[in-house]
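**Student:** test case, fold it:
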Amino acid sequence: MSEEIEIIDIYQPETIEDLGKRVSILESNTFPQGSVVNKNITSGLASTQFQKGAKGWILNDNGDAEFNNGVFRGSLAASTIDIGGSDATSFHVDINGNMWLGAATFASAPAKISNTGSLTATAGAIGGWVIEPTAINSASGTGQRMSLSSSDNLITFYNASNAVVSQVGAGSLILSAFRATLDTSTTIGFRATTAQANDIGFEFVHDGNSRATGVNLQIRGTTTNTSIGINVNNDANGGESIYIDNSGGAIGVSIQNVGSGDSLTIASSASRSIFIDHSSNSHIGLEMNYAGTTYGMKLLGTDVDTTVALLYASAAPSGAGVPIVQLVRTNPGNSILSIKSDISTSTNHAGLEIDLNASTTTTPHAFSFLNDCFVSAAVGGTQDRKIRVFIGGATYFIPAYDA
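**Tutor:** Residues are numbered from 1 along each chain as shown. Presented below is the predicted three-dimensional model:
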């Protein structure tokens with residue numbers, strides 16, 4: 001059974017005994033054990049051993065109170081909460097419901113939650129992610145991890161040796177939205193795998209009117225660098241390894257070479273190294289605009305099979321008088337076609353060999369001269385024309401007969 005507490009009215013005593021207790025209280029400035037007052041207190045109440053911030057308790061007349069410890073079995077209502085002063089060890093809640101730690105004000109706090117749910121923290125862990133002052137990492141330490149940096153807007157991937165293997169974002173490398181550094185554990189910079197039809201592994205779309213580059217490959221190093229810029233390994237029995245659609249009129253492949261290397265090298269054991277399927281009547285299948293001082297096109301044959309021609313042209317022109325091969329020279333010079341033999345042995349060989357099929361209904365001709373390749377006969381008889389030739393710096397004539 002709980003002990004009853006005697007209530008004493010020190011301002012309006014009801015009995016002589018209460019009046020005596022009032023005088024005793026006023027003279028000693030203390031209350032009898034097991035009693036409380038029933039009226040307003042003008043100067044507050046305090047325990048006899050009270051020392052501010054150290055021990056005891058106090059109830060001031062303005063409503064302020066100081067206790068050492070307390071237990072509340074119900075709810076606690078307050079306008080603000082301030083614990084630990086205003087330094088890095090303090091905790092605060094303002095009247096608007098904003099909560100923060102480690103600083104005197106909400107704005108300068110390293111950890112805070114606003115009344116709208118916005119969270120700010122300079123360290124910690126969320127779902128296995130480690131929060132640091134300027135980054136969020138998938139793991140702590142310097143091992144293999146992914147890091148999202150707020151200082152340079154980069155997503156960086158590290159290997160087990162803490163080396164950067166790839167980066168996504170601009171950061172300090174403004175020209176590189178994606179960068180991959182390969183090492184012994186990371187040998188592929190970018191890989192896309194699919195088994196579906198019509199999927200695109202990499203796509204570059206440029207809708208502007210200025211010049212842009214879809215893929216830029218740079219191979220830098222010494223003369224011993226034998227790297228490959230693009231390697232296409234096609235094991236299928238159909239399709240194309242590289243397909244270019246230039247229906248809009250652009251150039252399919254443009255090669256600019258100012259070095260001493262080859263612009264295009266094809267090492268092939270297939271039936272055809274280059275195949276051009278050209279069906280346009282107004283365009284050219286293969287054109288080379290050459291402004292150099294050496295060979296525009298050079299064919300070198302090292303095959304021991306002497307039955308195969310180094311250059312072979314086969315066509316069936318529908319128009320009369322259309323040649324299969326035509327050589328046109330637009331500036332003055334000595335030769336349009338030059339045949340030179342570097343064979344120093346005694347083996348018989350020819351500079352020009354002509355093999356015409358005479359079994360057709362028409363009469364084949366070894367040569368057909370047009371325009372000024374011949375001159376009129378200087379003498380009479382059956383000699384009808386002369387073929388003008390240039391030998392050893394002088395002009396000579398080969399007689400031609402009409403029968």
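
**Student:** low-confidence bits of the stretch 1-150 of the chain, can you list those?
**Tutor:** Flagging of the stretch 1-150 of the chain using pLDDT under 70 yields the residue ranges 1-43.

**Student:** hmm, 90 instead?
**Tutor:** 1-72, 74-79, 82-88, 110, 119-135, 140-144, 148-150 (pLDDT under 90).

**Student:** how about the helices of it, start to end?
**Tutor:** 16-28 (DSSP state H, counting those that start in this stretch).

**Student:** just give the nearest non-adjacent residue to residue 325, would you?
**Tutor:** The shortest distance from residue 325 to any residue other than its chain neighbours is 5.4 Å, reached at residue 313 (Cβ to Cβ, 6 or more residues apart in numbering). Just so you know, the C-beta spots here come from the backbone N, C-alpha and C atoms, and that holds for glycine as well.

**Student:** the one you found: how many residues sit nearby?
**Tutor:** 8 (other Cβ atoms under 10 Å).

**Student:** quick one, strands of the stretch 101-250 of the chain?
**Tutor:** With strands called from DSSP state E, counting those that start in this stretch, the stretch 101-250 of the chain shows them at 111-113, 119-121, 124-126, 129-132, 135-137, 145-149, 155-158, 164-168, 178-180.

**Student:** include distance to residue 103 when you put the ones you listed into JSON lines, please.
**Tutor:** Compiled in JSON lines, these are given as follows (distance: least, Cβ to Cβ, whole Å):
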{"stretch": "strand 111-113", "distance to residue 103": "8"}
{"stretch": "strand 119-121", "distance to residue 103": "11"}
{"stretch": "strand 124-126", "distance to residue 103": "16"}
{"stretch": "strand 129-132", "distance to residue 103": "17"}
{"stretch": "strand 135-137", "distance to residue 103": "22"}
{"stretch": "strand 145-149", "distance to residue 103": "24"}
{"stretch": "strand 155-158", "distance to residue 103": "30"}
{"stretch": "strand 164-168", "distance to residue 103": "34"}
{"stretch": "strand 178-180", "distance to residue 103": "38"}
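
**Student:** any chance of JSON lines for these, columns mean neighbour count?
**Tutor:** As requested, those are arranged in JSON lines below (neighbours: other Cβ atoms under 10 Å):
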{"stretch": "strand 111-113", "mean neighbour count": "18"}
{"stretch": "strand 119-121", "mean neighbour count": "13"}
{"stretch": "strand 124-126", "mean neighbour count": "11"}
{"stretch": "strand 129-132", "mean neighbour count": "15"}
{"stretch": "strand 135-137", "mean neighbour count": "17"}
{"stretch": "strand 145-149", "mean neighbour count": "17"}
{"stretch": "strand 155-158", "mean neighbour count": "18"}
{"stretch": "strand 164-168", "mean neighbour count": "18"}
{"stretch": "strand 178-180", "mean neighbour count": "15"}
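
**Student:** which one of those lies nearest to residue 290?
**Tutor:** strand 178-180 (39.0 Å; Cβ to Cβ).

**Student:** report the separation between the residue nearest in space to the middle of the chain and residue 154.
**Tutor:** By Cα atoms, centre = their mean, the chain has its centre lying nearest to residue 178, at 2.8 Å. The gap separating residue 178 from residue 154 is 11 Å, by Cβ to Cβ, to the nearest Å.

**Student:** which neighbours do the two have in common?
**Tutor:** Here residue 178 and residue 154 have 167, 168 as joint contacts, going by Cβ atoms under 8 Å, 6 or more residues apart in numbering.

**Student:** for residue 229, list the residues it contacts.
**Tutor:** 217, 219.

**Student:** what's the distance between it and residue 216?
**Tutor:** Taking Cβ to Cβ as the measure, residue 229 and residue 216 are separated by 10 Å.

**Student:** so where do the strands sit in the stretch 301-403 of the chain?
**Tutor:** Under DSSP E, counting those that start in this stretch, the stretch 301-403 of the chain gives strands at 374-376, 383-391, 394-401.

**Student:** and residue 193, how many neighbours?
**Tutor:** 6.

**Student:** and it, what pLDDT?
**Tutor:** Per-residue confidence (pLDDT) for residue 193: 87.

**Student:** phi, psi of it?
**Tutor:** The phi and psi values for residue 193, taken as degrees, to the nearest 10, are phi -120, psi 130.

**Student:** how far away is it from residue 219?
**Tutor:** For residue 193, the distance to residue 219 equals 26 Å [Cβ to Cβ].

**Student:** ok, now residue 149?
**Tutor:** On the measure of Cβ to Cβ, residue 149 and residue 219 end up 30 Å apart.

**Student:** and what of residue 288?
**Tutor:** Residue 288 sits 25 Å away from residue 219, going by Cβ to Cβ.

**Student:** and what of residue 267?
**Tutor:** For residue 267, the distance to residue 219 - Cβ to Cβ - is 18 Å.

**Student:** compare neighbour counts for these two and give me the winner.
**Tutor:** residue 219 (9 against 5).

**Student:** got a list of what that one touches?
**Tutor:** Applying Cβ under 8 Å, 6+ apart, one finds that residue 219 lies in contact with 225, 227, 229.

**Student:** can you report phi and psi for it?
**Tutor:** When read as degrees, to the nearest 10, the backbone of residue 219 gives phi -120, psi 110.
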